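J.: Next come a sequence and a model predicted from it.
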Amino acid sequence: MEYVSNHASKGTIRVLQLYPRDMNIYGDWGNALVLQQRIRWHGYTPELLEYNVDDEFPDDVDIILGGGGQDSGQLIIQDDLQARGPMLRDMAEDGTPMLVICGLYQLFGRFFKTSSGTIIPGIGILDVETHGSSERLIGNVTLDSPEFGEVLGYENHSGQTTLGPSVRPLGMVSKGAGNNSKDGHEGARYRNVVASYLHGSLLPKNPAIADFLIRTAAERKYGTFLPGHPDDGFAMLAREHAARRPR
Ligand code: GLN
């Protein structure tokens with residue numbers, strides 16, 4: 001049920017989804033819809049924006065989202081992403097909250113070398129590198145995150161990502177593979193950037209991450225975050241359902 005506020009909006013929060021035309025699989029656009037609804041529930045006014053290759057980059061973006069994609073989608077966006085790289089790096093260093101999933105997680109890192117040997121350069125916001133493998137990591141994932149508790153989602157990737165010293169993992173998997181088939185790490189955290197392999201989409205089942213992005217955006221823009229009254233009923237049902245799924 002929608003929470004209807006009788007109060008005036010606490011302010012606008014602008015959410016930009018990067019490259020939804022080419023990088024949006026397994027429901028990643030759902031992350032934007034969750035932010036839109038939760039921003040409303042918190043009493044702010046959401047604005048959803050899209051940025052695709054060759055578009056004009058909008059001003060005054062408060063939250064950046066990026067989704068996953070096939071290797072072919074990553075090749076399509078690579079030149080445009082390189083051109084936007086310095087600006088996105090400045091935004092990340094400045095503390096803009098960002099959530100990047102799978103294919104864009106890889107390209108926010110140093111590079112993705114595909115399983116056929118093609119090197120797709122990243123923009124180096126995250127100290128991570130990814131090597132494609134013939135083994136795809138597919139299935140449901142549960143991880144324990146020190147910041148967000150139990151995080152649930154679904155992975156499907158050939159890339160195996162390893163973290164450098166200047167990022168920390170989002171968490172450690174208790175089900176599934178995560179970043180690679182070796183070290184149990186899932187995702188990466190750096191400044192206010194959250195990176196993860198998890199689709200599903202991620203935010204409908206993990207409202208703690210959604211609220212982190214919203215709170216950070218509001219505090220940066222308005223100096224403080226005044227939470228509202230989100231309705232977590234469906235999120236809790238989705239979490240219970242996801243937690244019961246086999247790998
Ligand atoms: N193409 C990349 C890989 O296979 C990313 C996949 C994805 O975004 N789901 O690793």
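T.: That came through fine.
J.: and the closest residue to the ligand within the chain, how many neighbours does it have?
T.: Closest residue of the chain to the ligand, CB to the nearest ligand atom: residue 68 (2.5 Å). For every residue, glycine as well, the C-beta is placed using N, CA and C. When neighbours are counted by other CB atoms under 10 Å, residue 68 registers 27.
J.: Who are the contact partners of residue 32?
T.: 15, 17, 48, 65 (CB atoms under 8 Å, 6 or more residues apart in numbering).
J.: you'd agree the third one is up against residue 37?
T.: No - no contact is recorded between residue 48 and residue 37 when judged using CB atoms under 8 Å, the distance being 10.7 Å.
J.: which one of those two has more residues nearby?
T.: Remark: of residue 48 and residue 37, residue 37 carries more neighbours, 18 against 15, as counted by other CB under 10 Å.
J.: What is the burial count for the closest residue in space to residue 120 that isn't next to it in sequence?
T.: Nearest non-adjacent residue to residue 120, counting by CB to CB, 6 or more residues apart in numbering: residue 112, 4.7 Å away. Residue 112 has 26 neighbours, counted by other CB under 10 Å.
J.: pLDDT score for residue 141?
T.: Per-residue confidence (pLDDT) for residue 141: 98.
J.: can you give me phi and psi for it?
T.: Phi and psi for residue 141, reported as degrees, to the nearest 10, are phi -130, psi 140.
J.: And the helices in the protein?
T.: 29-41, 71-93, 102-108, 202-205, 207-222, 233-244 (DSSP state H).
J.: Give me whichever of those helices is most buried.
T.: Ranked by mean neighbour count, these are led by helix 102-108 with a mean of 29 (mean count of other CB atoms under 10 Å).
J.: what about the residue of the chain closest to the ligand, distance to residue 112?
T.: Per CB to CB, to the nearest Å, residue 68 is found 12 Å from residue 112.
J.: Check residue 85 too.
T.: Distance of residue 85 to residue 112, computed by CB to CB: 14 Å.
J.: repeat for residue 125
T.: Residue 125 sits at a distance of 14 Å from residue 112 (criterion: CB to CB).
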